[in-house]
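In: Any chance you can model this:
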Amino acid sequence: MNIYVLLKKTFDTEEKIAVQNGKIEDDGAEFIINPYDEYAVEEAIVQRDKHGGEVTVVTIGDEDSEKQLRTALAMGADKAVLINTEEDLEEGDQFTTAKILEAFFEDKEADLILAGNVAIDEASGQVGPRLAELLGISCVTTITSLSIDGDTASIEKDVEGDVEIIETSLPVLVTCQQGLNDPRYPSLPGIMKAKKKPLEELEIDDLDLDEDDVEAKTKTIDIYLPPEKEAGKVLEGEVADQVKELVSLLKNDKKVL
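Out: Residues are numbered from 1 along each chain as shown. Okay, here's the model as predicted:
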């Protein structure tokens with residue numbers, strides 16, 4: 001079985017974000033595998049161990065993205081591919097990412113493609129469904145269970161606190177949600193083996209694409225941090241007086257009534 005995982009490098013969830021002049025300052029910041037993508041890597045390894053084949057992790061990014069790919073290899077993936085756009089693209093969006101991946105998969109025979117449900121930086125959840133549409137294959141999002149029997153996949157999908165059961169044929173692209181599995185930590189032997197596993201690096205030209213083919217369809221106008229929370233206010237006195245004061249604050253200060 002040919003299994004692929006779409007990977008993205010994101011800020012560490014413990015990292016404090018700084019914004020200067022409408023841009024995120026990432027100098028010295030710590031980056032990790034997008035947490036939802038870890039569920040995808042783990043599930044890919046589980047399915048490979050059950051059905052045979054190999055797991056290839058793919059990311060679009062810069063040279064520094066190799067670190068996250070090596071982490072996925074240390075978890076147990078077999079191969080990695082870095083599509084380096086550092087010199088070819090200044091900006092991109094979900095359309096850009098999907099078009100690049102479409103070109104990458106053009107000559108691949110993928111049975112199963114896994115991705116995270118969302119990336120924690122932009123949280124659009126668009127890349128997986130966009131890619132599936134471009135490739136003309138089935139797509140199921142926010143999965144919490146995956147069972148494969150031959151060419152048939154039985155999937156449980158999270159739907160607003162309930163579960164939807166779906167059956168579809170391979171190939172299929174799924175996006176992975178919390179609850180699907182417990183991602184493993186890279187072991188020391190795994191880290192050592194990862195250094196020798198193949199990591200291929202491609203550029204836009206290698207995929208027969210140019211900048212016009214993948215030009216972003218959206219533009220970021222501004223980036224800013226949310227306002228800091230104000231200190232709370234404690235209402236004192238009789239309950240009736242507190243209620244009156246609360247209503248006055250909501251109506252006159254906060255303008256929500």
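In: and Val41, what element?
Out: helix 35-51 (DSSP states H and E).
In: which residues touch that helix?
Out: 1, 3-8, 10, 13, 33, 54-55, 57, 72, 75-78, 112, 114-120, 146, 148, 175-178, 180-184 (C-beta atoms under 8 Å, 6 or more residues apart in numbering). Any C-beta I mention is one placed from the backbone N, CA and C, and that applies to glycine too.
In: Now do the SS call for Pro227.
Out: Classification of Pro227 using DSSP: H, G, I helix; E, B strand; the rest coil returns coil.
In: pLDDT score assigned to Asp26?
Out: Note for Asp26: predicted pLDDT of 68.
In: And the pLDDT for the closest residue to Gly53 other than its chain neighbours?
Out: Leaving aside its sequence neighbours, Gly53 sits nearest to Met1 (C-beta to C-beta, 6 or more residues apart in numbering; 3.4 Å). Met1 is assigned a predicted lDDT (pLDDT) of 93.
In: Any figure for the gap between Met1 and Ala29?
Out: 36 Å (C-beta to C-beta, to the nearest Å).
In: Those two - which one has more neighbours?
Out: Met1 (16 against 13; other C-beta atoms under 10 Å).
In: where do the strands sit along the stretch 51-200 of the chain?
Out: Using DSSP state E, counting those that start in this stretch, the strands of the stretch 51-200 of the chain run over residues 54-61, 79-84, 112-116, 138-149, 152-159, 162-169, 172-176, 199-202.
In: Redo those strands as TSV? Include distance to Glu238, mean neighbour count and mean pLDDT.
Out: Formatted as TSV, those follow (distance: least, C-beta to C-beta, whole Å; neighbours: other C-beta atoms under 10 Å; pLDDT from 0 to 100):
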stretch	distance to Glu238	mean neighbour count	mean pLDDT
strand 54-61	61	22	95
strand 79-84	67	21	94
strand 112-116	52	28	96
strand 138-149	49	18	95
strand 152-159	47	17	93
strand 162-169	45	12	94
strand 172-176	54	26	96
strand 199-202	70	15	92
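In: and those strands as JSON lines, adding distance to Gln20?
Out: Below are the strands of the stretch 51-200 of the chain laid out as JSON lines (distance: least, C-beta to C-beta, whole Å):
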{"stretch": "strand 54-61", "distance to Gln20": "22"}
{"stretch": "strand 79-84", "distance to Gln20": "26"}
{"stretch": "strand 112-116", "distance to Gln20": "28"}
{"stretch": "strand 138-149", "distance to Gln20": "35"}
{"stretch": "strand 152-159", "distance to Gln20": "37"}
{"stretch": "strand 162-169", "distance to Gln20": "43"}
{"stretch": "strand 172-176", "distance to Gln20": "33"}
{"stretch": "strand 199-202", "distance to Gln20": "31"}
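In: residues near the residue lying closest to Pro186 once chain neighbours are set aside, how many?
Out: Excluding the flanking residues, the one nearest Pro186 by C-beta to C-beta, 6+ apart is Ala74, at 3.4 Å. Neighbourhood size, Ala74 [other C-beta under 10 Å]: 21.
In: now stretch 77-85: how far from the chain's centre is it?
Out: Stretch 77-85 sits 15 Å away from the centroid of its parent chain (C-alpha atoms, centre = their mean, to the nearest Å).
In: actually stretch 137-154, not the one I wrote
Out: With C-alpha atoms, centre = their mean, you get 18 Å for stretch 137-154.
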